[in-house]
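Student: dropping the sequence and predicted coords here.
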Amino acid sequence: MQPEDFAFRTTIRVRYAETDAQRVVYYAHYLTYMEVVRWDYLRSLDLPFEFLRDFWQRHFTVEVRCSYKSPARFNDVLEGYGRVARIGHSSFDFEYLFVHQDDGRRIATGQSIHVLLDRDGEGGRPERVPEALRAAIAAREGWEP
């Protein structure tokens with residue numbers, strides 16, 4: 001994965017509270033960084049906020065992987081890259097790349113899988129990813145409709 005492989009980028013500044021006793025970003029915070037990238041990506045699609053909020057409340061993360069390449073420290077600025085790698089019937093896969101803004105070091109890579117469930121959430125039944133979202137993602141990623 002290279003930065004130019006991604007259609008979306010956002011910036012994350014490491015806060016002091018995100019570092020550990022070794023003075024590097026504690027590994028679990030990268031899950032939060034992934035969520036920041038994913039939400040910023042969705043907001044950038046220019047869909048109505050209510051639509052995105054409803055979607056966000058009904059999608060569930062079912063798998064996450066993260067590989068740590070180089071440490072990030074307090075006040076470092078990271079470029080967080082994100083893309084949708086696949087959209088299924090009721091699921092989608094997201095990929096991430098984090099790069100140090102100043103020196104271009106690869107900090108971490110990651111993947112997450114998400115499933116969309118029915119509106120009431122009681123039955124937990126998978127629900128089709130909305131066509132409006134599919135179309136917006138396809139346009140962002142440069143996919144054929």
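Tutor: On my side now, so go ahead.
Student: next, T32: secondary structure please.
Tutor: When classified by DSSP: H, G, I helix; E, B strand; the rest coil, T32 comes out as helix.
Student: and the pLDDT at it?
Tutor: T32 is assigned a pLDDT of 97 by the prediction.
Student: list the contacts of it.
Tutor: E18 (Cβ atoms under 8 Å, 6 or more residues apart in numbering). Placement of C-beta: from N, CA and C, glycine included.
Student: next one: I107
Tutor: I107 neighbours (Cβ under 8 Å, 6+ apart): Y68, K69, S70, P71, A72, L78, F98, V99, H100.
Student: are any of those buried, and which?
Tutor: Y68, A72, L78, F98, V99, H100 (16 or more other Cβ atoms under 10 Å).
Student: would you turn these into TSV with distance to D20, secondary structure and pLDDT?
Tutor: Shown next, in TSV, are these (distance: Cβ to Cβ, whole Å; DSSP: H, G, I helix; E, B strand; the rest coil; pLDDT from 0 to 100):
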residue	distance to D20	secondary structure	pLDDT
Y68	12	strand	97
A72	11	coil	98
L78	16	strand	98
F98	17	strand	98
V99	21	strand	98
H100	18	strand	98
